[in-house]
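K.L.:
what's the 3D shape of this:
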Amino acid sequence: MAFTLNGFGTTFYGESNHHPDGSYQTTKWFVVAFFPLVPLESLRVTRNPVADVNLILYQAEGFNVIQKVPVEPKQVFFTYLFATLYVAWVVAVGWYFLGIFDKMDTKQVPALVQWMYIGTAGLALWLPFFALFGWRRASRAAAIRG
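P.N.:
Numbering: from 1, shown residues only. Here you go, the predicted structure:
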């Protein structure tokens, strides 16, 4: 099954074609630093949280494979699109906050204000993931309701 070690290996990205039994289609990807490079295969799966392994260096999610299905081009496209937009978002936030820090005289700005800027940058980097998680959860619930 899929596993990553320090962000390198294979993982599942994407969900589509939800069925009332809780199964869905997902694509197994070869990833480098969690960035999807090559789609390996698509599978219809159900989650098996009992089989999850989440250690500091090693992560594997538990799935029950129902069947192998053809790779869906739309799912591959949207995975690449999200990954590319996320990298662009990280670069933009980084440039913005580095620009702010370059203009600051850090000797005269209190440490609390500096930490507020760093915290805001950290939150800004996670916003796309929070939005995606909420969208996936809502679409999964809608698919199950039918």
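
K.L.:
Ser42: neighbour count?
P.N.:
Residues lying near Ser42 (other CB atoms under 10 Å) number 22. Yep, even glycine has a C-beta here, placed from its N, CA and C like the rest.

K.L.:
Leu5 too?
P.N.:
Going by other CB under 10 Å, the residues that sit close to Leu5 add up to 11.

K.L.:
partners of it in the sheet?
P.N.:
Going by DSSP bridges, Leu5 is paired in beta bridges with Phe8, Tyr58.

K.L.:
Per-residue pLDDT of it, please?
P.N.:
The per-residue pLDDT reported for Leu5 equals 78.

K.L.:
What is the helix or strand hosting Thr27 packed up against?
P.N.:
Following DSSP states H and E, one finds Thr27 within strand 24-32. Using 3 or more CB pairs under 8 Å, 6 or more residues apart in numbering; DSSP states H and E, the elements in contact with strand 24-32 are strand 8-16, strand 35-47, helix 73-103.

K.L.:
Just list what the longest one packs against, helices and strands only.
P.N.:
Of the remaining helices and strands, those touching helix 73-103 by 3+ CB pairs under 8 Å, 6+ apart are strand 8-16, strand 24-32, strand 35-47, helix 111-145.

K.L.:
Thanks again, I'm all set now.
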